[in-house]
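Asks: Okay, structure incoming, though there's no sequence with it:
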Ligand code: ATP
């Protein structure tokens, strides 16, 4: 049976601004998304039966129809029924390395890998943009996860403008294993608390979203200025998540104090906090110091780095 193994990288948000409401109920966002080396491994193979099966080694990840990887396979089966009946079902095995419910797009990148894998398995020859369009129907982060790199994302996060590849920046990530933040909760709470600051006029809304293209962080990225990128890190969702989770607020403060740290921010809806550092050696040293300051083993600490790609096929 033909099979593919894919690398599905996580992302961090270098920038996340909530601009206003959209008629579809989502928020109008301006984000800068960055792929990181931390990745899940997805094995996808044709099954002898006509069913979709998901296996995962992580106890917090569902393997039923609610798994985003399952939903991506079901979407492909519905979109390409002839290929589905010709090639049969698919078995999807997820080796989870990305912390779950962490603001790192773990589920979205798994779904993106399944779209890419099934395209190969069923010899559909879809373009990256066709795969991204299919992905957008399942989740706003999926189009980014397909292509990856360093990207400006507007709309609800699905309208992408790639930026030039960033030189490597090293990252220390920390996530409390027992803490999960629901993305839906974070956005809902933000709306409850801050909707009076939302831009209402449609033209003004688009102008604000477009302004990110010439904003300070984009200039810093174009100049490969890691220190200035770190100074311009921004995430509006910190305003609701950090007060609710003092443990994460404290973690963020400790990350910021470490030698060599250029800047610190929460990723997406959290609770992952990351710090940017210029070298691998400094990142490893900062991780050790953070572990000394927070000996609680519930805090998972990882060193990773920025990368320039999304889904990759390894075999
Ligand atoms: P995002 O940054 O896109 O908001 P996240 O990193 O915060 O995503 P996920 O890791 O995608 O969050 O998990 C969110 C929830 O989705 C989990 O609680 C989990 O039960 C469910 N889930 C469904 N499919 C997957 C998957 N393939 N991997 C991880 N979680 C999944």
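Replies: Happy to help now that I have it. What you are looking at is a predicted structure, and each value in this text was computed from that prediction instead of being measured. Numbers count the residues shown, from 1 in each chain.

Asks: How about the secondary structure of residue 303?
Replies: strand (DSSP: H, G, I helix; E, B strand; the rest coil).

Asks: Grab the nearest non-local neighbour of it.
Replies: Counting by Cβ to Cβ, 6 or more residues apart in numbering, residue 283 is the residue found nearest to residue 303 once chain neighbours are left out, at 4.7 Å. In this view, the C-beta of every residue, glycine as well, is placed from N, C-alpha and C.

Asks: check contacts around the one you found.
Replies: Contact analysis of residue 283 by Cβ atoms under 8 Å, 6 or more residues apart in numbering lists 170-172, 260, 277, 303, 305.

Asks: so of those, which ones are in strands?
Replies: If you go by DSSP state E, these have 170-172, 277, 303, 305 in strands.

Asks: Now the buried members of the contacts of residue 283.
Replies: Neighbour-count burial (16 or more other Cβ atoms under 10 Å) applied to those gives 170-172, 260, 277, 303, 305.

Asks: buried sites along stretch 190-206?
Replies: 190, 199, 205.

Asks: If I look at the closest residue to the ligand within the stretch 201-315 of the chain, what pLDDT would I see?
Replies: The stretch 201-315 of the chain approaches the ligand most closely through residue 268 (4.1 Å), counting by Cβ to the nearest ligand atom. pLDDT for residue 268: 96.

Asks: correct me, but it touches residue 15?
Replies: No. With contacts counted by Cβ atoms under 8 Å, residue 268 stays clear of residue 15, the gap being 11.3 Å.

Asks: Now do the shared contacts for those two.
Replies: Overlap of the contact sets of residue 268 and residue 15 (by Cβ under 8 Å, 6+ apart) consists of residue 235.

Asks: ok, back up a step: could you dump the contacts of residue 283 into TSV and include distance to residue 236 and pLDDT?
Replies: Shown next, in TSV, are the contacts of residue 283 (distance: Cβ to Cβ, whole Å; pLDDT from 0 to 100):
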residue	distance to residue 236	pLDDT
170	25	98
171	21	98
172	23	98
260	27	97
277	24	98
303	27	98
305	26	98
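
Asks: wait, is residue 185 part of a helix?
Replies: Yes. According to three-state DSSP, residue 185 belongs to a helix.

Asks: What's the local residue count around it?
Replies: The number of residues packed near residue 185 is 14, by other Cβ atoms under 10 Å.

Asks: do you know how far the residue nearest to it when sequence neighbours are not counted is from residue 106?
Replies: Excluding the flanking residues, the one nearest residue 185 by Cβ to Cβ, 6+ apart is residue 269, at 7.9 Å. Here residue 269 is placed at a distance of 12 Å from residue 106 (Cβ to Cβ, to the nearest Å).

Asks: same thing with residue 41?
Replies: Residue 41 is 13 Å from residue 106, by Cβ to Cβ.

Asks: Which one of these two is surrounded by more residues?
Replies: More neighbours surround residue 106 than the other of residue 41 and residue 106, with 27 against 15 (other Cβ under 10 Å).

Asks: dump the residue contacts of that one.
Replies: Residues near residue 106 by Cβ under 8 Å, 6+ apart: 10, 40, 96, 98-100.

Asks: thinking again about what came up before, over to the residue nearest to residue 185. Which of the three states is it?
Replies: Three-state call for residue 269 (three-state DSSP): coil.

Asks: Next, it: phi, psi?
Replies: Torsion angles at residue 269 (phi, psi; degrees, to the nearest 10) stand at phi -90, psi 10.

Asks: so it sits right up against residue 239, yeah?
Replies: No. Counting by Cβ under 8 Å, residue 269 stays clear of residue 239, with 11.7 Å between them.

Asks: Of the two, give the one with the bigger neighbour count.
Replies: Counted by other Cβ under 10 Å, residue 269 and residue 239 do not tie: residue 269 has more neighbours, with 25 against 14.

Asks: Let me see the contact set for the more buried one.
Replies: Residue 269 makes contact with 103, 181-183, 185-187, 237, 241, according to Cβ under 8 Å, 6+ apart.

Asks: want to throw these into CSV with pLDDT and distance to residue 143?
Replies: Listed next are the contacts of residue 269 as CSV, based on pLDDT from 0 to 100; distance: Cβ to Cβ, whole Å:
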residue, pLDDT, distance to residue 143
103, 95, 18
181, 93, 23
182, 91, 22
183, 92, 16
185, 95, 23
186, 96, 21
187, 95, 18
237, 98, 20
241, 98, 24
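
Asks: what's the closest of those to residue 309?
Replies: Residue 309 lies nearest to residue 103 out of the contacts of residue 269, by Cβ to Cβ, at 20.6 Å.

Asks: What does the closest one show for phi and psi?
Replies: Taking degrees, to the nearest 10, you get phi 80, psi 20 for the backbone angles of residue 103.

Asks: ok, the closest residue in space to it that isn't next to it in sequence - how many residues close by?
Replies: Leaving out its chain neighbours, the residue that sits closest to residue 103 by Cβ to Cβ, 6+ apart is residue 268, at 3.1 Å. Residue 268 is flanked by 24 other residues according to other Cβ under 10 Å.
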